[in-house]
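Q: one predicted model, sequence on top.
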Amino acid sequence: DAGVIQSPRHEVTEMGQEVTLRCKPISGHDYLFWYRQTMMRGLELLIYFNNNVPIDDSGMPEDRFSAKMPNASFSTLKIQPSEPRDSAVYFCASRYTGSSGNTIYFGEGSWLTVV
Amino acid sequence: DQQVKQNSPSLSVQEGRISILNCDYTNSMFDYFLWYKKYPAEGPTFLISISSIKDKNEDGRFTVFLNKSAKHLSLHIVPSQPGDSAVYFCAARYSGTYKYIFGTGTRLKVLA
């Protein structure tokens, strides 16, 4: 089975540019999460969705960040305008409510560098 | 405001010995705790979990202990192997939700 798929794997962009990160969750999963990994804060929850509806976006750092989930198989995280402090690894994860455990499954991450 | 804290950024252990990774939390509303393992350039993968109504869960070489009164959990790896070298994240789930909060991670290095 395919896991969580993220693109791009690596992105280098100039300050002020728009960045769009993409995620395809595991088929059938009804929860989708966006996390950001930095040295200082570890894995930080930005936002999560249930059945394509945002449930909690309290971790989104500021208005420059936005996330959408237009359908069950696709989500985007957009940063506009980007700043050097946004440089981090962004992970998407998903899970299925009906599964017995508490596992969430992560993608391989998108490495973002803003110069 | 870090609700899940891993105060040791790194740990080195000799192969065959026990590795103990620690995690503290501040919120009493967490009902499940998890440990994830992360290799470089990969996403975190689930390792083991424990419900807040238990104090121990074991899976092979991995055991998680939960001390609710101290708001502390630990992961024991016995015996440690070089392949265990990775970053370990502690995570907690808010009761009644699927909101998972992760810590800052501890980098474990197992020396051959």
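A: Received, thanks.
Q: show me which residues of chain A are close to chain B?
A: Within chain A, the positions near chain B by C-beta under 8 Å from any C-beta of the partner chain are A:4, A:31, A:33, A:35, A:39-45, A:48, A:50, A:55-56, A:91, A:93, A:95, A:97, A:101-109. (C-beta placed from N, C-alpha, C; glycine too.)
Q: show me which of those residues are buried.
A: A:4, A:31, A:33, A:35, A:42-45, A:48, A:56, A:91, A:93, A:95, A:102-109 (16 or more other C-beta atoms under 10 Å in any protein chain shown).
Q: what is the end-to-end distance of stretch A:104-113?
A: One end of stretch A:104-113 to the other measures 26 Å (C-alpha to C-alpha, to the nearest Å).
Q: next one: stretch A:17-31
A: 29 Å.
Q: and it, what's buried?
A: So, applying 16+ other C-beta under 10 Å, buried residues of stretch A:17-31: A:19, A:21, A:23-26, A:29-31.
Q: for chain B, what lies in contact range of chain A?
A: Going by C-beta under 8 Å from any C-beta, the residues of chain B near chain A are B:2, B:6, B:32, B:34, B:36, B:41-46, B:49, B:89, B:91, B:93, B:97-105.
Q: now do 10 Å
A: Taking C-beta under 10 Å from any C-beta of the partner chain, the part of chain B that reaches chain A is made up of B:2, B:4-6, B:9, B:31-34, B:36, B:38, B:41-47, B:49-51, B:87, B:89-91, B:93-94, B:97-106.
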